[in-house]
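>>> based on what follows, work out the 3D shape:
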Amino acid sequence: MPHVLLVIDQFPRTLGGGERVALRLAGLLPKYGFQASILTFSAHPESEGLKSPPCAIFLLPLHRTYDLDAIRAVFELRRFLEEERVQIVQTFFESSDLWGGCVTKLMSSAKLIWSRRDMGILRGRKHWIAYRLMAGLPDRVFAVSDQVRRHCIEVDHVEPDRTETIYNGLNLSDWSVIPHESREHDELVVATIGNIRRVKGHDILVRAVALVASHFPSVIFRVGGDVLEPEYFVELQELVRELGVADRIQFTGGVTDLRRYLTEADIFVLPSRSEGFSNAIIEAMAASLPVVATDVGGNAEAVENGVNGYIVPPEDPSALAAAIMRLLADRQRLLEMGASGRRTVAKRFTTEAMMLRTVEAYDGLLGKHSSRPS
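Okay, the predicted model is just below:
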């Protein structure tokens, strides 16, 4: 089978969306005729990604991309690509894209794919410059949403015919739905999930909670996610006390059972300041929840305003609160939008759709005529 190497900057203790997608892709590729391996530059010994991984994970320690150790790593990566007969290298995040991509193209005949999952929110100034200078480096760029694809073309100056949108997908059969009438809790629950970072906009949600609570005093808000920015979390706690909503909002920490967490909710909210394409949105839709999300990144490509949820401006607690209250005030609308969201996932965001687009691109890069169904 053709060998695909997925290169990712790090496996932190708490995985983000990019790491989870890479692991999932590695587990699925053999079913579509490809061997998969993962290479990372750093791995926390307690990372979830190291527990029962779907394929071999190789560690190539890399602390800086410009010192003597980085020069040694160049030749180690070249040797690995040759010995493992890697034909496609797919990279995730900045160091993998730029350093790993350069080594791949200069030292091997493997095809290079950049996986672009955001709007450059994590980039420093050197990254912005490097992406423009190296726009011609990848053979393909997989963008996680149309909005991210436009960013690659307009900001990074990647040629349009080398970019394509491949949405994240999931297995809808894994998401059994518990009818709202059968749920054990009496109060309505509004949930969000996302590691506690400023970019996720939890402070906007807290301010919206204060507005909602004055009209719907029995509604509970749940915030799932590990604290990645402790100082920001302290700010959130102070804001909760200042607004007097400590009894309305629960910070649940890391969520180990996502399906149960979502099926215990009635509405899903994503107040982010920036996104590429949110896995959490389609997971919430699969659980038949209506979604209220900010108009950033690819959110509006999944949430059809007024059909399966509402799209609101970022940085606007009043708009966020108003959309939530529209759903709370109309139980029938809430249920209909939740059902519509599940149909959206079945139509556009399945694992099969994601993998067929991916392997079709792989086949094209390898000069193979794909006979796979579209």
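>>> now do the contacts for the closest residue to Asp316 other than its chain neighbours.
With Cβ to Cβ, 6 or more residues apart in numbering as the criterion, Asp316 has its nearest non-adjacent residue at 7.4 Å, and that residue is Ile204. Bear in mind the C-beta positions are built from the backbone N, C-alpha and C, glycine included. Ile204 sits next to Pro271, Arg273, Thr294, Pro314, Glu315, Asp316, Pro317, Leu320 when contact means Cβ atoms under 8 Å, 6 or more residues apart in numbering.
>>> surely the fifth one is in contact with Pro271?
No. Contact between Glu315 and Pro271 fails when scored by Cβ atoms under 8 Å: they sit 9.1 Å apart.
>>> before we move on, the earlier item: among the contacts of Ile204, who's most crowded?
Leu320 (28 neighbours; other Cβ atoms under 10 Å).
>>> ok so it is a strand residue?
No. Assessed by DSSP: H, G, I helix; E, B strand; the rest coil, Leu320 does not belong to a strand; its assignment is helix.
>>> follow-up on the earlier one: between Glu315 and Pro271, which contacts overlap?
Gly201, Ile204.
>>> columns pLDDT on top of the contacts of Ile204, output as a markdown table?
Listed next are the contacts of Ile204 as a markdown table, based on pLDDT from 0 to 100:
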| residue | pLDDT |
| --- | --- |
| Pro271 | 97 |
| Arg273 | 95 |
| Thr294 | 97 |
| Pro314 | 96 |
| Glu315 | 97 |
| Asp316 | 98 |
| Pro317 | 98 |
| Leu320 | 98 |
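>>> what's the closest of those to Thr344?
Of all the contacts of Ile204, Thr294 has the smallest distance to Thr344: 18.1 Å, by Cβ to Cβ.
>>> excluding its backbone neighbours, what's nearest the closest one?
Nearest to Thr294 is Pro314, by Cβ to Cβ, 6+ apart, at 4.1 Å.
>>> so who does the one you found touch?
Counting by Cβ under 8 Å, 6+ apart, Pro314 makes contact with Gly201, Ile204, Pro271, Ser272, Arg273, Thr294, Asp295, Val296.
>>> what does Leu59 give?
Residues in contact with Leu59 (Cβ under 8 Å, 6+ apart) are Leu39, Thr40, Phe41, Ser42, Ala43.
>>> most neighbours, which of those?
Greatest neighbour count in the contacts of Leu59, by other Cβ under 10 Å, goes to Thr40: 24 neighbours.
>>> who does Val312 bridge with?
Thr294 (DSSP bridges).
>>> returning to that earlier point: state the pLDDT value of the residue nearest to Asp316.
Predicted confidence (pLDDT) for Ile204: 98.
>>> please apply the same query to Arg372.
Arg372 is given a pLDDT of 50.
>>> does Phe277 fall in a helix, a strand, or a coil region?
Classification of Phe277 using three-state DSSP returns coil.
>>> now the residue nearest to Asp316: which helix or strand?
Element membership of Ile204 [criterion: DSSP states H and E] is helix 202-213.
>>> quick check: mean pLDDT of the helix or strand just after that helix?
Note on helix 202-213: by DSSP H and E, the next helix or strand toward the C-terminus is strand 220-224. In this model, strand 220-224 has an average pLDDT of 97.
>>> strand partners of strand 220-224, parallel vs antiparallel please.
Here strand 220-224 has these sheet partners by DSSP bridges: strand 189-193 (parallel), strand 249-253 (parallel).
>>> would you list those strands in a markdown table and tack on distance to Cys102 and mean pLDDT?
Formatted as a markdown table, the strands paired with strand 220-224 follow (distance: least, Cβ to Cβ, whole Å; pLDDT from 0 to 100):
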| stretch | distance to Cys102 | mean pLDDT |
| --- | --- | --- |
| strand 189-193 | 36 | 96 |
| strand 249-253 | 39 | 96 |
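>>> next, format these as a markdown table and append distance to Arg116 and mean neighbour count.
Putting the strands paired with strand 220-224 into a markdown table (distance: least, Cβ to Cβ, whole Å; neighbours: other Cβ atoms under 10 Å) gives the following:
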| stretch | distance to Arg116 | mean neighbour count |
| --- | --- | --- |
| strand 189-193 | 23 | 23 |
| strand 249-253 | 30 | 15 |
